[in-house]
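Novice: Below is the structure, and that's it, no one-letter string:
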């Protein structure tokens, strides 16, 4: 989470840093696609400070995007990238495209970030990048939850057509925690807010003690997924910066959306 004014930057600065971080991560992956490299050589090839390259390499290695044969050895593309490159499914391609954005969101917010899709009435958690915090939030990757109880689910539902929204409401809104919205009116109000703001917060509505914020990822044919950041309620969000954090997630989702639509052309 963003602790105090000394760690907070204006939204315009956040946007520049976010884009920079993503571009740098891609530059490193492209350089390693040519062949294995050590930190010093890689820093020269991408014309970045060695400390910056080392930090990004650590984040990418954590996610399996790169690997080292031994400590101090050369880096090469990891099993996650190879699996994605060798696969043809939409899910794998989506995870590959989202990965740099998730890494950047976790670095910027100091909380866990994730990529979620809607499958029927359930949100599927398909990828997650952990935070650097001592106290971690559990990893729900591979699990699911009802869309109306999750920030990602509400972000996705907000961009679906009216008949699909009504069908979801007609299926019932189960109460997951004491804070879960359970009426059509509540859900429709939240969907309107999500469309207007470009992001949506959920406060302990899926799991007690966990807050999250999400924004929709749009493909050529409509909404395909959501980017999400979540953390424990005692530290996330800083109430003074919840709007800025929401904008940060929304901007990342918009950039990913633009990238997906470019790939489809």
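Specialist: Ah, there it is. Since we're looking at a predicted model, the values are computed, not measured. Residues are numbered from 1 along each chain as shown.

Novice: who's in contact with whichever strand or helix holds residue 254?
Specialist: Following DSSP states H and E, one finds residue 254 within helix 242-264. Contacting residues not belonging to helix 242-264 are listed as 2, 8, 11, 14-15, 18-19, 22, 93-94, 97-98, 101, 104-105, 108-109, 197-201, 213-220, 224, 226-229, 237-238 [CB atoms under 8 Å, 6 or more residues apart in numbering]. C-beta coordinates here come from the backbone N, C-alpha and C atoms, glycine included.

Novice: Could you pick out the buried ones from the residues you listed?
Specialist: Among those, the ones that count as buried by 16 or more other CB atoms under 10 Å are 2, 14-15, 18, 22, 94, 97-98, 101, 104-105, 108-109, 197-201, 213-219, 224, 226-229, 237-238.

Novice: Which members of those residues are positioned in strands?
Specialist: Mapping these onto strands (DSSP state E) picks out 200-201, 213-219, 224, 226-229.

Novice: The residues you listed: which two are farthest apart?
Specialist: 201 and 219 (23.9 Å; CB to CB).

Novice: Now do the helices in this structure.
Specialist: Here the chain has its helices, by DSSP state H, at 11-34, 39-46, 50-62, 79-86, 90-109, 151-157, 162-170, 184-197, 242-264.

Novice: Could you give the average pLDDT over the longest one?
Specialist: Averaged over helix 11-34, pLDDT sits at 70.

Novice: pLDDT below threshold where in the stretch 1-150 of the chain?
Specialist: Across the stretch 1-150 of the chain, the ranges flagged by pLDDT under 70 are 1-19, 34, 81-92.

Novice: With adjacent residues omitted, what lies nearest to residue 31?
Specialist: Using CB to CB, 6 or more residues apart in numbering and skipping residues adjacent in sequence, the residue nearest residue 31 is residue 45, 4.8 Å away.

Novice: hang on, that neighbour packs against residue 30?
Specialist: No. At 9.5 Å, residue 45 does not count as touching residue 30 under the criterion of CB atoms under 8 Å.

Novice: closest to residue 205 out of the helices of the chain?
Specialist: Nearest to residue 205, of all the helices of the chain, is helix 151-157, at 8.3 Å by CB to CB.

Novice: Who are the packing partners of the closest one?
Specialist: strand 112-119, strand 122-129, helix 162-170, helix 184-197, strand 200-203, strand 210-219, strand 222-232 (3 or more CB pairs under 8 Å, 6 or more residues apart in numbering; DSSP states H and E).

Novice: now, which of the ones in strands among the buried ones among the contacts of helix 242-264 sits nearest residue 129?
Specialist: After measuring those against residue 129 - CB to CB - the closest member comes out as residue 229, at 9.7 Å.
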